[in-house]
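*Asks:* Starting from these lines, generate the structure:
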Amino acid sequence: MLSGLIICKILMINLILFISSHFDQNYFDQLKVDLDLKNDEKVIITFQTLDNCIKCYQIPFLIIMDLRKIKNIPDFKVLCFLKCNRKKELDVFKKKFDWNDYLMMDKGDARLKLGLKKDTHLAIIDANGSIMFEFNQENMQDIDKCVLKITKALNSK
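*Replies:* Numbers count the residues shown, from 1 in each chain. As a prediction, the model looks like this:
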């Protein structure tokens, strides 16, 4: 009897984890509209907080700047999710970092809704919502390798 109850609890926990970690298609569809993402385009997404260290800000931006210098890759959109609660914080970030790409508020659930890992710092997602690459702070340290991997992903169909 007790083992049946434990098994039931384990199954319920697994079900809750599965549901809570599931890609939210409606969220991505709205994001696609907001970004005007075409069927053959990809989006590079970075996640920032207001209290990141300077290195956490710089590495994704350096990668994006390097990618923009490469001539033989298809166009891509860039989106920064800023973990904040007010539009004013978005405006401060935009001004401080001279941000001219897409910038959206993250209430802390954007990664989950996109089906990304909790520690994802930079990701490439295609127009179907498929995750092509995820980078965390540790595997983003070699900027040249990241640019090479992203270039390959952007050039893939």
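*Asks:* May I have the beta-bridge partners of the residue nearest the centre of the chain?
*Replies:* Centroid-nearest residue in the chain: Ile45, 4.0 Å away (criterion: C-alpha atoms, centre = their mean). Ile45 forms beta bridges with Leu79, Ala123, as assigned by DSSP bridges.
*Asks:* Verify the stated contact: it with Asp126.
*Replies:* No. Applying C-beta atoms under 8 Å as the test, Ile45 and Asp126 come out as separate, 11.7 Å apart. Any C-beta I mention is one placed from the backbone N, CA and C, and that applies to glycine too.
*Asks:* For the residue nearest to the centre of the chain, give me its contacts.
*Replies:* Neighbour list for Ile45: Val78, Leu79, Cys80, Phe81, Leu114, Leu122, Ala123, Ile124, Ile125 [criterion: C-beta atoms under 8 Å, 6 or more residues apart in numbering].
*Asks:* who's in contact with the fifth one?
*Replies:* Contacts here follow C-beta under 8 Å, 6+ apart; on that basis Leu114 touches Phe23, Asp24, Tyr27, Phe28, Leu31, Ile45, Ala123, Ile125, Gly129, Ile131.
*Asks:* which SS class is the fifth one?
*Replies:* I take that to be Leu31. Three-state assignment for Leu31 (DSSP: H, G, I helix; E, B strand; the rest coil): helix.
*Asks:* how far away is it from Lys96?
*Replies:* Computed as C-beta to C-beta, to the nearest Å, the Leu31 to Lys96 distance reads 24 Å.
*Asks:* ditto for the third one
*Replies:* Look at Tyr27 and Lys96: by C-beta to C-beta, they are 27 Å apart.
*Asks:* Between these two, point out the one with more neighbours.
*Replies:* Per other C-beta atoms under 10 Å, whichever of Tyr27 and Lys96 has more neighbours is Tyr27, with 16 against 10.
*Asks:* rewinding a little: which one among the contacts of Leu114 gets closest to Met105?
*Replies:* Of all the contacts of Leu114, Leu31 has the smallest distance to Met105: 12.4 Å, by C-beta to C-beta.
*Asks:* pLDDT score for the closest one?
*Replies:* With respect to pLDDT, Leu31 scores 91.
*Asks:* dump the residue contacts of it.
*Replies:* Leu31 makes contact with Leu37, Leu79, Leu114 under the criterion C-beta under 8 Å, 6+ apart.
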